[in-house]
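>>> coords below, sequence missing:
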């Protein structure tokens, strides 16, 4: 079953991450190692990338800089409404914060969020419940912190007054930078809780936003609807192909075979995948990479057996492929997962 965050994303989020990395002395090539992202197109807002490539960029940052720095917080503070293009202008022109939150979540696939967010009415307060259950374990803390800091930064850009939170619970253990986090959110954080959630007083939700413009909001919403429909249509064919490849990875089918099973030509399938921002070869690699990581983390199978299950005729071919994906060997990756 595909994770809730596994869909094509705008490249602007990775551009923000490379800018953050540059402030810590990392170059773009280091950030993009193991991904299929073209560095020359980082400033092209029309480009979409696979979620797994953005996650690999974050892994590269953590591997180089460690997890004791507040990288997720620092990243989130770099996201503004304009970072997200039409989605950002839609919330920026909304009449109230309540309206901006409602419509922003409706089209959240067009933003940078990896967590699933749910709004819960709690009388005089509104609770934002953060579902991080299907996030990669090694990146969960970063992604939750980045999403939280992004939301705070967006609120600052939208409202003339400061957003006052009344409660913050976090599932994670307290990090070394607790004071930095609490300063950002303006509230003590209770760590090690059953769920991650924040609360704020509802009275602020209906205040008029600084750049409210309802006709423009409607225009941007129509464009977001068009983009979301395109994403869902593209994601449909990508999901179907991925599901087919997952059925028997030891005997990976060719594109001609899959196209025949879908009752269309290989040329049509290729064109549909290109419209979704990917191609058949990349999907084969994505499936093999995903399964390889799962088997290395969750089984005691020998590397040679994993190679065979993924359709590689020789373990050495699999090892070379894995080093290209993760910049480390399968054995070292497994040891790192065990330690974690």
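Structure's in. What do you need? This structure is a prediction, so every number in the text was calculated from the model and none was measured. Residues are numbered from 1 along each chain as shown.
>>> and residue 338, what pLDDT?
Per-residue confidence for residue 338 comes out at a pLDDT of 48.
>>> meant to ask about residue 31, not that
96.
>>> That one: what's it in contact with?
Under the criterion of C-beta atoms under 8 Å, 6 or more residues apart in numbering, the neighbours of residue 31 are 14, 17, 18, 21, 57, 60, 61. The way it works is simple: take the backbone N, C-alpha and C, and place the C-beta from them, glycine included.
>>> Put the buried members of the residues you listed into a ChimeraX selection.
Entered in ChimeraX, the line below selects the buried ones among those, by 16 or more other C-beta atoms under 10 Å:
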select :14,17,18,21,57,60,61
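>>> Which one of the contacts of residue 31 is nearest to residue 222?
Using C-beta to C-beta, residue 14 is the member of these that lies nearest residue 222, at 27.0 Å.
>>> tell me which strands and helices the helix or strand that contains the closest one is in contact with?
For residue 14, the element it lies in under DSSP states H and E is helix 12-23. Under the contact definition 3 or more C-beta pairs under 8 Å, 6 or more residues apart in numbering; DSSP states H and E, helix 12-23 sits against helix 28-32, helix 51-65, helix 71-76.
>>> Tell me which of these lies nearest to residue 246.
With C-beta to C-beta, the closest approach to residue 246 among the helices and strands packed on helix 12-23 belongs to helix 51-65: 14.5 Å.
>>> Show me where the stretch 201-340 of the chain dips below the pLDDT cut-off.
Residues of the stretch 201-340 of the chain that meet the criterion pLDDT under 70 lie in 232-235, 337-340.
>>> Now do the phi/psi pair for residue 10.
phi -70, psi 140 (degrees, to the nearest 10).
>>> from what I can see it touches residue 113, true?
No: the pair formed by residue 10 and residue 113 falls short of the contact definition of C-beta atoms under 8 Å, at 11.9 Å.
>>> okay but residue 16 is in contact with residue 77, surely?
No: with contact defined as C-beta under 8 Å, residue 16 and residue 77 do not form a contacting pair (9.9 Å).
>>> The two - which one has more neighbours?
Set side by side, residue 16 and residue 77 give different neighbour counts by other C-beta atoms under 10 Å, the larger being at residue 16 (21 against 18).
>>> Which pLDDT value goes with the more buried one?
97.
>>> Can you tell me the closest non-neighbouring residue to it?
When the adjacent residues along the chain are set aside, residue 16 lies closest to residue 78, with 4.8 Å between them (C-beta to C-beta, 6 or more residues apart in numbering).
>>> burial count for that neighbour?
18.
>>> of the contacts of residue 31, closest to residue 86?
residue 14 (18.3 Å).
>>> Wait, a strand at residue 138?
No: in this structure, residue 138 is helix, not part of a strand, as judged by DSSP: H, G, I helix; E, B strand; the rest coil.
>>> my guess is it meets residue 58, correct?
No: here residue 138 lies out of contact with residue 58, judged by C-beta under 8 Å, at a distance of 9.2 Å.
>>> neighbour-wise, which of those two wins?
Neighbour tally, residue 138 and residue 58, criterion other C-beta under 10 Å: the higher count belongs to residue 58, 23 against 17.
>>> quick one: contacts for that one?
For residue 58, the set of contacting residues under the criterion of C-beta under 8 Å, 6+ apart consists of 17, 139, 142, 143.
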